[in-house]
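> A predicted structure for the sequence below; I have some questions about it.
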Amino acid sequence: MLQSSVKMKLLCIQVLKEILGEGIDYEKVAKLTSDAKFESGDIKASVAVLSFILSSAAKHSVDSESLSSELQQLGLPKEHTTGLCKSYEDKHAALQEKLRESSLRLNRLESVSWRVDYTLSSSELKEVNEPTVLLKLQVQGAQSSTMEPMVVSLTADKFRVLLTELKQAQAMMNALN
């Protein structure tokens, strides 16, 4: 009984390392699960389930006592919940910090340039006579510091719709201040 609790704790430590970005040692995980005669897919599924349980508990600020109680109600043996909750308790703060860091990150708009092209005709149509708005956006990635250019081509009608919606969004944001 004590052995399975220790194995669960060691398994959870490996999963927590993976969540925290330190990498998981699949050889250790395979050794820890060898007595269960898990195949590769079973091991990956177990790691995924533990990862989900641990990160969801941290995301929702669940204390280890409540986590233990909930897992036991779901049918996990007490010795397994003890090992899981002990490793969760040890890394709870670091886990929450890591999840905070990796939560919603948006790209950052650095600059916008634009121009209007007026197409008189094309190889497909003899007479087009239609303006086209070209927007060039410089966007900084959320996870990296690299700048990515993004070019958007809009018809005059679509540009008017975009401009109207952007003005509405700005008005809503200003109303919040």
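Thanks, I have the structure now. These numbers come from a predicted model, not from an experiment.
> Ala45: neighbour count?
Look at Ala45: counted by other CB atoms under 10 Å, it has 12 neighbours. Placement of C-beta: from N, CA and C, glycine included.
> what residues of the helix or strand where it lies count as buried?
According to DSSP states H and E, Ala45 maps onto helix 40-59. Neighbour-count burial for helix 40-59, with 16 or more other CB atoms under 10 Å as criterion, is recorded at 43, 46-47, 50-51, 53-55, 57-58.
> Lys167 and Val161, how far apart?
11 Å (CB to CB, to the nearest Å).
> show me where this protein has helices.
2-19, 26-32, 40-59, 64-73, 78-101, 156-176 (DSSP state H).
> the ones you listed: which one's closest to Ser111?
Of all the helices of the chain, helix 156-176 sits nearest to Ser111, with 16.0 Å by CB to CB.
> quick check: Leu137 vs Arg105, distance?
Taken as CB to CB, the span from Leu137 to Arg105 is 18 Å.
> neighbour count for those two, which is higher?
Leu137 (16 against 10).
> tabulate the helices of the chain (JSON lines), appending mean pLDDT and distance to Tyr118.
Shown next, in JSON lines, are these (pLDDT from 0 to 100; distance: least, CB to CB, whole Å):
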{"stretch": "helix 2-19", "mean pLDDT": "88", "distance to Tyr118": "54"}
{"stretch": "helix 26-32", "mean pLDDT": "88", "distance to Tyr118": "60"}
{"stretch": "helix 40-59", "mean pLDDT": "93", "distance to Tyr118": "52"}
{"stretch": "helix 64-73", "mean pLDDT": "95", "distance to Tyr118": "64"}
{"stretch": "helix 78-101", "mean pLDDT": "92", "distance to Tyr118": "47"}
{"stretch": "helix 156-176", "mean pLDDT": "94", "distance to Tyr118": "10"}
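> residues touching Val112, list them.
When contacts are counted by CB atoms under 8 Å, 6 or more residues apart in numbering, Val112 touches 135-138.
> now for those, which pair is the farthest apart?
Leu135 and Gln138 (10.9 Å).
> distance of Arg115 from Ala94?
49 Å.
> got the CA positions of stretch 154-166 in CSV?
Provided in CSV are the C-alpha atoms of stretch 154-166 (Å, rounded to 0.1, in the frame of the first residue of the first chain):
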residue,chain,number,x,y,z
LEU,A,154,-10.2,44.9,-48.3
THR,A,155,-12.9,46.1,-50.7
ALA,A,156,-14.2,49.6,-49.9
ASP,A,157,-17.4,48.1,-48.5
LYS,A,158,-15.6,45.7,-46.2
PHE,A,159,-13.3,48.5,-45.1
ARG,A,160,-16.3,50.6,-44.1
VAL,A,161,-17.7,47.7,-42.1
LEU,A,162,-14.4,47.2,-40.4
LEU,A,163,-14.0,50.9,-39.6
THR,A,164,-17.6,51.1,-38.2
GLU,A,165,-17.0,48.0,-36.0
LEU,A,166,-13.6,49.3,-34.7
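> many thanks, I have nothing further to ask.
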